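1. return atomic coordinates for the entry below.
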Amino acid sequence: METQQLADKLVLWLRAQVKAVGRKGVVIGMSGGIDSSVLAALCRRACPQNMLGVIMPCGSIEEDKKHALLVANKFLIPTTEVVLDEMLSCFLGALLKLESDPATSRVAQANLKSRLRMVTLYYVANQLQYLVVGSSNRSELAVGYFTKWGDGGVDIMPLGNLVKGQVRELARFLGVPEPIIAKPPSAGLWAGQTSEGELGFKYDDVDRYLLGGELPADLREKIEAKVAANKHKRSLPPALDL
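-> Below is the predicted model:
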C-alpha cells in the first residue's frame, strides 16, 4: 500500500472508531518521539476540531517537551501540559521504603512513569468524552516493548499493525520535523536510554522478522525469545476455564 493510501485509510479508520463508540474526539500523549508525532498528525487530520495532545513531563529530558511542541506548532495541534514530576516523587517516596532489587528498580520506576501518564490521559479523556489513542507500533507490540497498563493501556492503536519502517515512511510523508525522525528511538525512561539499546537488537531486524525476511539464526532466536516472554502483555489476564 502506498504511503498516501495508508495515511488516508488510517484517518478514515480513526474517524470511524470515534463514531462507533459515540465519543466526541481523541486525546493522545505527545512524547516528542516519532510514533506519537505521526499519530498526532493523523489525529489532527481525522478530528481537526476535537483532538487534544497532552504533554506529560515525568522525570523527562527537556528535549522531549521541545520536540512535542515542535510537532504541535507544525500541525496546529491544541495541547495541554500536565507536569507529573511531583506526583512521581511522591509515589517513589512511599514505594522506595519497600525492599527492592537494585537490578530491577530502574525498570520498575520507568514503568511507574508510563502508568502515571496512562492515568492522566484517561482522566482527561473522561472529562472531554474522548478516546485515548495509543502510539505503539507492530514492532514494539510483537516483542513486548511497552508497559503493561501504561502506554499499552489505551482505547485504540492506529499504528498497531504497522512496523517501525512504515511509521518512518509516514513521518516523512506527513512532514514530521526531521530532528524527530533522525533521533534514536527512545521511551525517555532515563537519561541516555534508547529503545534499541534496551531491546538488544535493531527495529529493522524486528521489521524483517515480522515481514518474513531472512535473519541470522541467533538473532531470530533472540527476537523470538522476546516475543514468547512478553506474550502475557498482548493478552487479557487469564482465568480458569470452568
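
2. C-alpha from now on. contacts and neighbour counts both.
-> Fine.

3. can you give me the strands for this protein?
-> Counting by DSSP state E, the chain has these strands, from start to end: 25-29, 51-55, 79-81, 130-133.

4. any chance of those in JSON lines, with mean neighbour count too?
-> Formatted as JSON lines, these follow (neighbours: other CA atoms under 10 Å):
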{"stretch": "strand 25-29", "mean neighbour count": "27"}
{"stretch": "strand 51-55", "mean neighbour count": "24"}
{"stretch": "strand 79-81", "mean neighbour count": "15"}
{"stretch": "strand 130-133", "mean neighbour count": "24"}
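
5. turn those strands into TSV, including mean pLDDT and distance to residue 90.
-> Listed next are those as TSV, based on pLDDT from 0 to 100; distance: least, CA to CA, whole Å:
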stretch	mean pLDDT	distance to residue 90
strand 25-29	98	22
strand 51-55	98	20
strand 79-81	98	19
strand 130-133	98	25
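
6. to residue 161, which of these lies closest?
-> Nearest to residue 161, of all the strands of the chain, is strand 130-133, at 14.2 Å by CA to CA.

7. flag the shaky bits of this protein, pLDDT-wise.
-> Applying pLDDT under 70 to the chain picks out residues 1, 99, 102-103, 187-193.

8. quick check: longest helix of it.
-> For the chain, the longest helix by residue count, based on DSSP state H, is helix 102-128.

9. buried stuff in that helix?
-> 109-118, 120-122, 124-125, 128 (16 or more other CA atoms under 10 Å).

10. off-centre distance for it?
-> Chain-centre distance of helix 102-128: 12 Å, with CA atoms, centre = their mean, to the nearest Å.

11. got the angle between it and strand 51-55?
-> Per axes from the mean of the first three to the mean of the last three CA atoms, to 10 degrees, the angle that helix 102-128 makes with strand 51-55 is 150 degrees.

12. which other helices and strands contact helix 102-128?
-> strand 25-29, helix 85-95, strand 130-133 (3 or more CA pairs under 8 Å, 6 or more residues apart in numbering; DSSP states H and E).

13. tell me the angle that helix makes with strand 25-29.
-> With the same axes, to 10 degrees defining the directions, helix 102-128 sits at 160 degrees from strand 25-29.

14. and the strands of the chain: which comes nearest residue 163?
-> Among those, the nearest to residue 163 by CA to CA is strand 130-133 (17.5 Å).

15. excluding its own residues, what touches that closest one? List them.
-> Contact with strand 130-133 is made by 18, 23-28, 51, 121-122, 125, 154-158, as judged by CA atoms under 8 Å, 6 or more residues apart in numbering.

16. ok, residue 157 touching residue 136?
-> Yes - contact criterion CA atoms under 8 Å: residue 157 and residue 136 qualify, at 6.6 Å.

17. please say which of these two ends up with more neighbours.
-> residue 136 (25 against 18; other CA atoms under 10 Å).

18. show me what contacts the residue nearest to residue 170 when sequence neighbours are not counted?
-> Using CA to CA, 6 or more residues apart in numbering and skipping residues adjacent in sequence, the residue nearest residue 170 is residue 3, 6.3 Å away. Residue 3 sits next to 169-170, 173 when contact means CA under 8 Å, 6+ apart.

19. next: residue 13.
-> residue 158.

20. go again using 10 Å as the cut-off
-> 7, 19, 46, 158 (CA atoms under 10 Å, 6 or more residues apart in numbering).

21. please list only the buried members of those.
-> By neighbour count, with 16+ other CA under 10 Å, the contacts of residue 13 hold 7, 46, 158 as buried.

22. contacting residues for the second one?
-> With CA under 10 Å, 6+ apart as the criterion, the residues that contact residue 46 are 8, 10-16, 18, 25-26, 40.

23. repeat that for 7 Å
-> Contacts for residue 46 (CA atoms under 7 Å, 6 or more residues apart in numbering) come out as 11-12, 14-15.
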